[in-house]
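Visitor: Pasting a predicted model and its sequence here:
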Amino acid sequence: MVNQTPIHPVILCGGSGTRLWPVSRKSLPKPFLPLIGETTLFQQAVRRVTGDARFAAPIVVAGSDHAELIEDQMRGAEYRLIIEPSARNTAPAIALAAAILPADDIMLACPSDHHIADNAAFCSTALAAAELARQDYLVSFGITPDRPETGYGYIQKGKVLPGGFAATRFVEKPDRARAEAYLASGEYYWNGGIFAFRAGALLDELAAHRPAMADAVRQAAAQGHSERARFHPDAGIFDRIKGDSIDYAVMENTARAALVPANMGWSDIGNWATLQDALIADCGDGADNVVQGRADLADCDRVFASTDGPRISAVGLRDICIVVSGGEVLVTTREGAQTVGKLPGAAQQ
């Protein structure tokens, strides 16, 4: 790559991480917690693209409630912050970033709460995605699947493109039989929620498929104002947007969808079971148990035990997650971990 303008990372901080309740709460949600290692998932997302001239200073998109957290965790590093007036899902959030960039700039939209073990592989994939984005493809990171996972969306690959493939089909979370068929076919990748676009191409596609949203985003950006490194879109205009994900609003509708395969040790850390899986290699015992804090496990297999104080003692358990935090106690099977966010405690935090 010669004389190319830097890629603009766009770090999205929208989710509340309710499936990681009771540790993740509205006041301190999942991206800002040190769940893997000593730094937070947000800090890890930022550090993947800092200190590399191929990437510009990140643009962070978040609500006002977390602006101070972001400023504290950036620790003086250069960045721009877009304050979302209200949560409207990923399509308006990403489009806001596109609206403040020159049309020909390449943007890399990344969740702030995912774990990536291999940063070099991430950067290599990002560069391949950027090359396709410069050709006006709208590019997804396709995570190479290693199991028939029913908790992720899938992308089917089509014809070969330089550095990737056309994306011919986006599939929501499948049942077990379909997930097994997808894995066996070798044609499907997990949808990792990481995207590369030329800013102008994204806005054009949004205008074609969600014209009201595109118009409102453009107006909210045009009538917004800056304060220090913070940009405030016009709240009255933005709040009227009917929210939607970037997948539904654009990726499933565009004729220019592409994917680049990514094998980079990715996990969305979507619940306690996936956090346990991400930690097993470094913290697990011979039975794939993972312990954080004071816990005694006897005759247990694949148990996750995390406590901020009281001792956890467990005997003869299999595939169970036990979490004690802030006076709350959660006990769930690994399978049930997907629905923790629906519990009254998580919903009312």
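Guide: Noted; the coordinates are in hand. Residues are numbered from 1 along each chain as shown.
Visitor: alpha carbons only for contacts and neighbour counts from here, please
Guide: Will do.
Visitor: which stretches of the stretch 201-349 of the chain have low pLDDT?
Guide: For the stretch 201-349 of the chain, no stretch is flagged by pLDDT under 70.
Visitor: Which stretches in the stretch 151-300 of the chain count as strands?
Guide: Along the stretch 151-300 of the chain, the segments classed as strands by DSSP state E, counting those that start in this stretch run 154-161, 164-171, 188-198, 225-227, 230-232, 257-262, 266-267, 290-292, 295-298.
Visitor: which residues in the stretch 201-349 of the chain form helices?
Guide: Using DSSP state H, counting those that start in this stretch, the helices of the stretch 201-349 of the chain run over residues 211-222, 235-238, 246, 272-283, 344-347.
Visitor: list the helices and strands the shortest one packs on?
Guide: Meaning helix 246. With contacts taken as 3 or more Cα pairs under 8 Å, 6 or more residues apart in numbering; DSSP states H and E, helix 246 sits against helix 90-99.
Visitor: State the pLDDT value of the residue nearest the centre of the chain.
Guide: Centroid-nearest residue in the chain: residue 111, 2.8 Å away (criterion: Cα atoms, centre = their mean). On the pLDDT scale, residue 111 is placed at 97.
Visitor: Now do residue 270 against residue 152, distance only.
Guide: 10 Å (Cα to Cα, to the nearest Å).
Visitor: still on that earlier bit, CSV for the strands of the stretch 151-300 of the chain, including distance to residue 140 and mean neighbour count?
Guide: Shown next, in CSV, are those (distance: least, Cα to Cα, whole Å; neighbours: other Cα atoms under 10 Å):
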stretch, distance to residue 140, mean neighbour count
strand 154-161, 9, 18
strand 164-171, 8, 20
strand 188-198, 5, 26
strand 225-227, 30, 11
strand 230-232, 27, 18
strand 257-262, 5, 26
strand 266-267, 14, 18
strand 290-292, 32, 20
strand 295-298, 41, 15
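Visitor: what's the closest of these to residue 79?
Guide: strand 230-232 (9.2 Å; Cα to Cα).
Visitor: From residue 97, how far off is the residue nearest to the centre of the chain?
Guide: From residue 111 to residue 97 the distance is 14 Å (Cα to Cα).
Visitor: check contacts around residue 35.
Guide: By Cα atoms under 8 Å, 6 or more residues apart in numbering, the contact set of residue 35 is 41, 275.
Visitor: brain fart, residue 191
Guide: Listed by Cα under 8 Å, 6+ apart, the contact set of residue 191 reads 140-143, 152-155.
Visitor: out of these, who's nearest residue 224?
Guide: residue 140 (29.2 Å).
Visitor: For residue 174, which non-adjacent residue is spatially closest?
Guide: residue 150 (5.4 Å; Cα to Cα, 6 or more residues apart in numbering).
Visitor: Got the confidence number for the one you found?
Guide: 90.
Visitor: Next up, the contacts around it.
Guide: By Cα under 8 Å, 6+ apart, the neighbours of residue 150 are 173-176, 179.
Visitor: Name the member of those residues with the most neighbours.
Guide: Neighbour tally across the contacts of residue 150 (other Cα atoms under 10 Å): the maximum, 22 neighbours, falls on residue 179.
Visitor: quick one: contacts for that one?
Guide: 148-150.
Visitor: Let me know the pLDDT of it.
Guide: Value for residue 179, per-residue pLDDT: 97.
Visitor: What of residue 3?
Guide: 51.
Visitor: Many thanks, have a good one.
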